[in-house]
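> Below are the sequence and a predicted model for it; my questions follow.
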Amino acid sequence: MESSQHQRRGGGFVSLSPSQTPRSNDKPVRDLRSGDSNSSSKHDKDKGVNVQVILRCRPLSAEEMRIHTPVVISCNESRREVCAVQNIANKQIDRTFLFDKVFGPSSQQKELFELAVSPIVNEVLEGYNCTIFAYGQTGTGKTYTMEGGARKKNGEFPSDAGVIPRAVKQIFDILEAQSAEYSMKVTFLELYNEEITDLLAPEETTKFIDDKSKKPIALMEDGKGGVFVRGLEEELVTTANEIYKILEKGSAKRRTAETLLNKQSSRSHSIFSITIHIKECTPEGEEMIKCGKLNLVDLAGSENISRSGAREGRAREAGEINKSLLTLGRVINALVEHSGHVPYRDSKLTRLLRDSLGGKTKTCIIATVSPSIHCLEETLSTLDYAHRAKNIKNKPEINQKMMKSALIKDLYSEIDRLRQEVYAAREKNGIYIPRDRYLHDEAEKKAMAEKIERMELVSESKEKQITEVQELYNSQQMLTADLSEKLGKTEKKLEETENALFDLEDKHRQANATIKEKEFLISNLLKSGELKYDLRKHLLSVLLNSEKSLKMLLQTSQICLARSKGRIKLRMEIKHLSRSSSPS
């Protein structure tokens with residue numbers, strides 16, 4: 001029973017080194033994800049997922065309540081709104097900001113975790129890389145939100161435990177409930193004055209006594225657009241209590257100092273990472289490994305040096321903190337505005353968070369603010385940056401699953417390489433050079449690395465320019481193709497129009513000829529009509545004359561007839577008279 005329990009808790013297989021942790025852009029040995037996972041990943045990749053931004057407002061401190069500090073921040077948790085009251089030129093201006101979730105001064109650690117962080121932890125166990133980080137002014141509760149109160153002496157889980165211990169507890173509860181065979185490792189680093197320090201490195205009593213045994217280490221490019229910290233200590237863990245002890249050990253080494261704004265102000269950024277490898281069996285009986293990673297980031301708070309009372313070294317610390325946070329703000333602005341160049345390389349903090357901002361990681365930002373009127377300027381700055389960060393789109397991709405046999409083969413190769421290095425160091429049969437030569441070579445290597453980084457930056461810029469020119473060329477090609485198509489259609493239409501014009505011109509000529517012919521006929525008809533009119537007029541006059549002549553002739557005839565009748569009558573009378581006068 002104990003052996004099986006030990007195997008389930010992490011003894012089943014060996015964890016991977018950072019260089020062997022599978023990334024979403026690595027080529028898998030075999031990917032046996034389900035169809036739902038494929039469709040979900042494809043959907044996220046195509047559309048992108050907005051960075052989740054949560055706003056938390058701390059309550060007034062005892063000192064602030066004692067002096068009756070005015071409150072200028074109000075939170076409406078149901079409407080997810082934060083309202084800031086500002087007086088400018090004796091005019092009250094209310095500014096309202098909308099976030100994914102809002103937690104007011106009375107909110108509890110458990111409430112924030114269950115509503116905002118718990119779903120992200122579940123996605124880590126599904127094989128995603130996720131990042132949660134706190135952002136805000138110093139003294140607003142970032143470290144309290146991430147770490148919470150200390151564990152009680154009897155080992156009881158505190159009610160004010162923060163995001164990190166609650167996430168650890170949830171991970172182990174789920175793995176135990178699933179009876180999963182897994183391996184888990186953690187890393188803990190801090191970024192102080194642009195130097196990375198491993199908080200889990202073994203203490204070196206002879207060196208760095210005044211610096212709490214902190215040894216700066218290098219941030220390296222992985223050749224795939226990401227970064228990793230070379231030589232970072234990894235602790236294999238099998239229980240939640242082991243992680244709690246590691247957290248206490250690392251947190252004790254973090255640089256803190258008292259300022260006027262915070263009695264225990266974090267002077268560095270810290271990143272606590274949990275990498276989980278879980279074994280799964282496919283229906284074919286093959287053993288596959290899926291990997292998820294959770295980055296829990298506690299950023300140092302921005303501060304106004306004149307108000308925090310920082311002097312000399314503390315002022316330099318505050319300047320470096322503000323510089324890195326300013327670069328973070330510039331990165332957020334560049335991502336929101338889709339700028340051609342995002343200044344990740346201007347700060348190690350933004351290089352470490354590169355995949356969390358605009359990359360393939362699911363990211364949640366917890367912005368913390370103070371309700372006090374004395375912090376209004378810094379609060380408005382935090383609200384502005386957090387509100388802009390809501391528009392950043394990441395494209396989360398689930399990590400590729402790997403076959404256990406291929407993973408073990410890679411680990412054996414790594415072991416052989418390490419054995420050879422140990423043998424060379426023990427037998428002193430390697431290559432040894434004088435210390436001065438070594439330092440000179442290291443300086444040259446560093447200069448070369450910086451030169452390579454600059455060249456990579458220039459190359460990246462050129463590649464973006466080439467991409468933009470290529471996109472412009474493609475758009476011009478498409479425009480040219482469209483114009484060519486339109487030109488062909490126009491030429492065809494012009495040819496048809498010209499043919500129609502020729503036909504119309506021919507018809508026009510024919511119509512003109514016809515018109516001229518008809519005009520000639522009409523003119524002839526007009527002329528003949530005029531002649532006919534003249535003839536009719538002449539004939540009419542002739543007829544009139546004839547009529548007159550006929551009338552005169554008729555009169556003459558009538559006269560002649562009357563005369564003839566008179567003559568006949570006279571003759572008849574004469575004859576009668578002659579007959580009567582003759583003797584019988």
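Sure, I can see it. Numbering: from 1, shown residues only.
> Can you say which helix or strand has Val186 in it?
Secondary structure from DSSP states H and E places Val186 in strand 182-192.
> So for the helix or strand that comes right after that strand, what gets flagged as buried?
Sequence order places strand 195-198 as the next helix or strand after strand 182-192, per DSSP H and E. With burial defined by 16 or more other Cβ atoms under 10 Å, the residues of strand 195-198 counted as buried are Glu195, Ile196, Thr197, Asp198. Any C-beta I mention is one placed from the backbone N, CA and C, and that applies to glycine too.
> for the stretch 451-584 of the chain, which spans come out with low pLDDT?
Judged against pLDDT under 70, the low-scoring parts of the stretch 451-584 of the chain cover residues 582-584.
> can you tell me which of the buried residues of strand 195-198 lies nearest to Phe99?
Within those, proximity to Phe99 (Cβ to Cβ) peaks at Ile196, which comes in at 31.0 Å.
> Now for that closest one: which residues touch it?
Leu189, Glu190, Pro216, Ile217, Ala218, Leu219, Val229, Lys348 (Cβ atoms under 8 Å, 6 or more residues apart in numbering).
> Quick check: beta-bridge partners of the second one?
Here Glu190 shows beta-bridge partners Thr197, Ser270, assigned using DSSP bridges.
> That one reaches Leu200, doesn't it?
No. In this structure Glu190 lies outside contact range of Leu200 using Cβ atoms under 8 Å: 10.6 Å.
> out of those two, which sits in the busier spot?
The residue with more neighbours, out of Glu190 and Leu200 and counting by other Cβ atoms under 10 Å, is Glu190; that gives 24 against 17.
> Look up how far Pro165 lies from that one.
Distance, Glu190 to Pro165, by Cβ to Cβ, to the nearest Å: 18 Å.
> Now the host helix or strand of Ile274: average pLDDT?
With elements taken from DSSP H and E, the one containing Ile274 is strand 269-281. For strand 269-281, mean pLDDT rounds to 88.
> Return the set of buried residues in that strand.
In strand 269-281, the ones that count as buried by 16+ other Cβ under 10 Å are His269, Ser270, Ile271, Phe272, Ser273, Ile274, Thr275, Ile276, His277, Ile278, Lys279.
> Now for the residues you listed: which two are most distant?
Every pair of the buried residues of strand 269-281 checked by Cβ to Cβ; the farthest is His269 and Lys279, at 33.8 Å.
> packing partners for the strand holding Ile274?
In this structure, strand 269-281 makes packing contacts with helix 118-125, helix 163-178, strand 182-192, helix 240-253, strand 287-298, judged by 3 or more Cβ pairs under 8 Å, 6 or more residues apart in numbering; DSSP states H and E.
> closest to Arg509 out of the ones you listed?
Shortest separation from Arg509 across the helices and strands packed on strand 269-281 is recorded for helix 118-125, at 83.4 Å, computed as Cβ to Cβ.
> could you give the angle of the closest one to strand 269-281?
Taking axes from the mean of the first three to the mean of the last three Cα atoms, to 10 degrees, one finds helix 118-125 and strand 269-281 inclined to each other by 60 degrees.
> who's in contact with helix 118-125?
The set of residues that contact helix 118-125 without belonging to it, under Cβ under 8 Å, 6+ apart, is 52, 130, 132, 167, 170-171, 174-175, 274, 276, 278, 292-294, 362, 364.
> of the residues you listed, buried ones?
For those, a neighbour count by 16+ other Cβ under 10 Å gives the buried set as 52, 130, 132, 167, 170-171, 175, 274, 276, 278, 292-294, 362, 364.
> related to what we said a few turns ago, now render the buried residues of strand 269-281 as JSON lines, adding distance to Leu544.
Converted to JSON lines, the buried residues of strand 269-281 look like this (distance: Cβ to Cβ, whole Å):
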{"residue": "His269", "distance to Leu544": "134"}
{"residue": "Ser270", "distance to Leu544": "138"}
{"residue": "Ile271", "distance to Leu544": "134"}
{"residue": "Phe272", "distance to Leu544": "138"}
{"residue": "Ser273", "distance to Leu544": "135"}
{"residue": "Ile274", "distance to Leu544": "137"}
{"residue": "Thr275", "distance to Leu544": "136"}
{"residue": "Ile276", "distance to Leu544": "136"}
{"residue": "His277", "distance to Leu544": "137"}
{"residue": "Ile278", "distance to Leu544": "135"}
{"residue": "Lys279", "distance to Leu544": "138"}
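> Buried members of the contacts of Ile196 into ChimeraX, please.
Typed into ChimeraX, the next command selects the buried ones out of these (criterion: 16+ other Cβ under 10 Å):
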select :189,190,217,219,229,348
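> now, the most widely separated pair of the contacts of Ile196?
Glu190 and Ala218 (14.7 Å).
> if you look at the contacts of Ile196, which of them are in helices?
The helices, defined by DSSP state H, take in Lys348 from those.
> could I get the contacts of Ile196 as TSV with pLDDT?
Formatted as TSV, the contacts of Ile196 follow (pLDDT from 0 to 100):
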residue	pLDDT
Leu189	88
Glu190	87
Pro216	58
Ile217	75
Ala218	73
Leu219	78
Val229	82
Lys348	84
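> Just give me the closest of the contacts of Ile196 to Ile373.
Ranking the contacts of Ile196 by separation from Ile373, with Cβ to Cβ as the measure, puts Glu190 on top at 32.5 Å.
> tell me the contacts of the closest one?
Contacts here follow Cβ under 8 Å, 6+ apart; on that basis Glu190 touches Ile196, Thr197, Leu199, Lys214, Lys253, Arg254, Arg255, Ser268, His269, Ser270, Ile271.
> domains for the protein, by residue range?
The domain map for the chain lists 49-151+158-203+215-304+312-398, 435-530, with the assignment taken from the TED database.
> so of these, which one's packed in deepest?
The highest average neighbour count among these, using mean count of other Cβ atoms under 10 Å, belongs to domain 49-151+158-203+215-304+312-398 at a mean of 18.
> So what would you say the end-to-end distance of that one is?
13 Å (Cα to Cα, to the nearest Å).
> Run the chain-centre distance for that domain.
Between the mean C-alpha point of domain 49-151+158-203+215-304+312-398 and the mean C-alpha point of its chain there is a distance of 21 Å (Cα atoms, centre = their mean, to the nearest Å).
> Just give me the closest of the buried ones among the contacts of helix 118-125 to Gly488.
Of all these, the one sitting nearest Gly488 is Lys362; the distance, using Cβ to Cβ, is 50.3 Å.
> surely the closest one meets Gly127?
No. In this structure Lys362 lies outside contact range of Gly127 using Cβ under 8 Å: 11.2 Å.
> which one among the contacts of Ile196 gets closest to Arg56?
Of all the contacts of Ile196, Arg56 sits closest to Glu190, with 22.6 Å by Cβ to Cβ.
> sorry, back to before: let me know which of the domains of the chain is the nearest to Val542.
Closest approach to Val542 among the domains of the chain is made by domain 435-530 (18.5 Å; Cβ to Cβ).
> Centre of the chain to the closest one, how far?
For domain 435-530 - counting by Cα atoms, centre = their mean - the centre lies 32 Å from the chain centre.
> Dump the domains of the chain to a markdown table, plus distance to His538.
Rendered in a markdown table, the data for the domains of the chain read as follows (distance: least, Cβ to Cβ, whole Å):
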| stretch | distance to His538 |
| --- | --- |
| domain 49-151+158-203+215-304+312-398 | 102 |
| domain 435-530 | 13 |
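> Mind telling me which of those the model trusts least?
If the domains of the chain are sorted by mean pLDDT, domain 49-151+158-203+215-304+312-398 sits at the bottom with a mean of 83.
> Could you state which residue of the protein sits nearest its centroid?
Averaging the C-alpha coordinates of the chain gives a centre point, and the residue nearest to it by Cα atoms, centre = their mean is Lys393 (4.2 Å).
> Return the residues in contact with it.
Listed by Cβ under 8 Å, 6+ apart, the contact partners of Lys393 are Gly48, Val49, Asn50, Val51, Gly358.
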